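Engineer: coords please:
(one chain, ligands or ions: 3)
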Amino acid sequence: MGSVVDAANKEINGTASGKKPTVIFVLGGPGSGKGTQCAYIVEHYGYTHLSAGDLLRAEIKSGSENGTMIQNMIKEGKIVPSEVTIKLLQTAIQDNGNDKFLIDGFPRNEENRAAFEKVTGIEPKFVLFFDCPEEEMERRLLGRNQGREDDNIETIRKRFKVFLESSLPVIQYYEARGKVRKIHAAKPIEEVFQEVKAVFSPEAEKVEA
Ligand SMILES: Nc1ncnc2c1ncn2[C@@H]1O[C@H](COP(=O)(O)OP(=O)(O)OP(=O)(O)O)[C@@H](O)[C@H]1O
Ligand SMILES: Nc1ccn([C@@H]2O[C@H](COP(=O)(O)O)[C@@H](O)[C@H]2O)c(=O)n1
Ligand SMILES: [Mg+2]
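Structural biologist: Ligands and ions are numbered 1, 2, ... in the order given. Below is the predicted model:
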């Protein structure tokens, strides 16, 4: 069990170490490979992976009062109000002993971005952007077979539209601030990870610092 000091640190800074957590936003279109690459990064670099989509799906399963609203939004490929998603992310960060996180699929729009910064005071260390052509993403999503209610062609088209109209501007916002690390994501999984590794190598991390 954590001490009183740990609890106070979590309240103020979000982690038991008393420091603000290190956060990397992992962005890219639906099916660009964010979750797949995050699993490798966790294994090699000790980050904790928080997928906003996974947290929202878990909230539906938990029977929460927001469950039906979230389910409807996901079926339509729409973006859930920031207050709901940020609360889930904050709780996940505070409940975790780690102090470095990959936040996958968030921020998805300008509202997500501005609200997260305002509520948590956290700026991402950098943004990992998986750049992949739509036809390759569509092929991957239709072949994913994980029983996701949004992996059907009708919802996929809506998700692509939301990505172009609402999520790309967030990537452009960080690009203008020199924070985007772009990965060419249309290659085989291992080759994509070679590019990712170059971003996370100790030399690259020193340059970021
Ligand atoms: N480089 C790759 N080449 C071929 N298939 C891939 C590659 N990366 C991931 N996949 C496959 O594509 C599908 C989508 O990958 P993943 O779930 O990682 O994407 P995502 O960006 O997290 O998608 P979403 O935004 O829908 O959560 C999965 O079935 C995965 O195994
Ligand atoms: N910040 C976010 C992230 C996700 N959603 C909703 O979840 C769906 C699935 O997200 P994935 O990252 O797992 O593909 C997404 O289409 C949104 O409906 C959200 O609202 N806000
Ligand atoms: Mg994913």
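Engineer: per-residue confidence at the nearest residue to residue 137 once chain neighbours are set aside?
Structural biologist: In space, residue 137 comes closest to residue 31 once its chain neighbours are excluded; the distance is 3.8 Å by CB to CB, 6 or more residues apart in numbering. From N, CA and C alone the C-beta is placed, and that goes for glycine too. Per-residue pLDDT puts residue 31 at 98.
Engineer: likewise residue 209?
Structural biologist: In the predicted model, residue 209 carries a pLDDT score of 51.
Engineer: Ok, residue 6 next?
Structural biologist: pLDDT, read off for residue 6, is 52.
Engineer: Tell me where the protein has helices.
Structural biologist: 4-13, 34-45, 52-61, 67-75, 82-94, 110-120, 134-142, 153-162, 168-175, 189-200, 202-208 (DSSP state H).
Engineer: Take the ones you listed and lay them out in CSV including mean neighbour count and distance to residue 128.
Structural biologist: Shown next, in CSV, are these (neighbours: other CB atoms under 10 Å; distance: least, CB to CB, whole Å):
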stretch, mean neighbour count, distance to residue 128
helix 4-13, 13, 24
helix 34-45, 17, 8
helix 52-61, 18, 14
helix 67-75, 16, 23
helix 82-94, 18, 17
helix 110-120, 17, 15
helix 134-142, 16, 16
helix 153-162, 16, 19
helix 168-175, 16, 10
helix 189-200, 15, 7
helix 202-208, 9, 12
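Engineer: With distance to residue 126 as added columns, please give the ones you listed in a markdown table.
Structural biologist: Formatted as a markdown table, the entries for the helices of the chain read as follows, by distance: least, CB to CB, whole Å:
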| stretch | distance to residue 126 |
| --- | --- |
| helix 4-13 | 20 |
| helix 34-45 | 13 |
| helix 52-61 | 18 |
| helix 67-75 | 28 |
| helix 82-94 | 18 |
| helix 110-120 | 14 |
| helix 134-142 | 22 |
| helix 153-162 | 23 |
| helix 168-175 | 8 |
| helix 189-200 | 8 |
| helix 202-208 | 6 |
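Engineer: Save those as JSON lines, and put in distance to ligand 2 too.
Structural biologist: Written out in JSON lines, the entries for those read as follows (distance: least, CB to the nearest ligand atom, whole Å):
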{"stretch": "helix 4-13", "distance to ligand 2": "23"}
{"stretch": "helix 34-45", "distance to ligand 2": "7"}
{"stretch": "helix 52-61", "distance to ligand 2": "2"}
{"stretch": "helix 67-75", "distance to ligand 2": "4"}
{"stretch": "helix 82-94", "distance to ligand 2": "5"}
{"stretch": "helix 110-120", "distance to ligand 2": "5"}
{"stretch": "helix 134-142", "distance to ligand 2": "9"}
{"stretch": "helix 153-162", "distance to ligand 2": "5"}
{"stretch": "helix 168-175", "distance to ligand 2": "10"}
{"stretch": "helix 189-200", "distance to ligand 2": "17"}
{"stretch": "helix 202-208", "distance to ligand 2": "24"}
